[in-house]
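Enquirer: Build me a structure from this.
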Amino acid sequence: MAVILGIFGTVQYRSRYLILYAAWLVLWVGWNAFIICFYLEVGQLSQDRDFIMTFNTSLHRSWWMENGPGCLVTPVLNSRLALEDHHVISVTGCLLDYPYIEALSSALQIFLALFGFVFACYVSKVFLEEEDSFDFIGGFDSYGYQAPQKTSHLQLQPLYT
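Expert: Numbers count the residues shown, from 1 in each chain. Sure thing, here's the model as predicted:
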């Protein structure tokens with residue numbers, strides 16, 4: 001939704017929407033930085049121990065775990081580890097493990113967000129400068145326009161037809 005507001009703000013010359021979009025991008029960079037730290041297990045974060053991504057409500061893991069490039073998924077039948085309506089799988093042969101794919105995806109999101117942030121700031125600055133330097137038709141600009149001086153020999157007279 002924030003991207004739609006950013007596009008709308010650009011098309012409609014609305015700097016407030018672009019500023020909102022830039023603020024959203026700051027939050028988006030923070031979230032993706034957290035994702036990178038989570039999947040690479042920086043500090044005290046651990047994927048095996050912390051179910052932060054699901055708010056401790058399910059055993060769901062990353063989509064890339066089963067669908068990564070070159071991964072072969074084989075179901076483990078009759079496993080005692082499986083809970084009700086869950087299944088245990090074995091994943092082998094991946095070209096790149098899913099934590100690295102998640103981290104690369106988040107790094108790409110951060111790069112695109114930084115580019116979008118710079119674009120939004122620049123365009124909103126241009127729009128704000130354009131609003132401040134609006135020139136009414138007929139004058140009032142800052143380029144030295146002088147209003148004609150009214151002299152005493154130039155008085156308006158009514159026109160009768």
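
Enquirer: quick one: the strands in the protein?
Expert: Assigned strands in the chain, in chain order: 72-76, 88-92 (criterion: DSSP state E).

Enquirer: other SSEs contacting the last one?
Expert: Here strand 88-92 touches helix 63-67, strand 72-76, going by 3 or more C-beta pairs under 8 Å, 6 or more residues apart in numbering; DSSP states H and E. Just so you know, the C-beta spots here come from the backbone N, C-alpha and C atoms, and that holds for glycine as well.

Enquirer: make it 6 Å
Expert: The helices and strands touching strand 88-92, judged by 3 or more C-beta pairs under 6 Å, 6 or more residues apart in numbering; DSSP states H and E, are strand 72-76.

Enquirer: now do the first one
Expert: On a contact count with 3+ C-beta pairs under 6 Å, 6+ apart, strand 72-76 meets strand 88-92.

Enquirer: Only the buried residues of the strand it packs on, if you could.
Expert: Neighbour-count burial for strand 88-92 flags residue 91 (criterion: 16 or more other C-beta atoms under 10 Å).

Enquirer: relative to strand 72-76, how tilted is that strand?
Expert: 150 degrees (axes from the mean of the first three to the mean of the last three C-alpha atoms, to 10 degrees).
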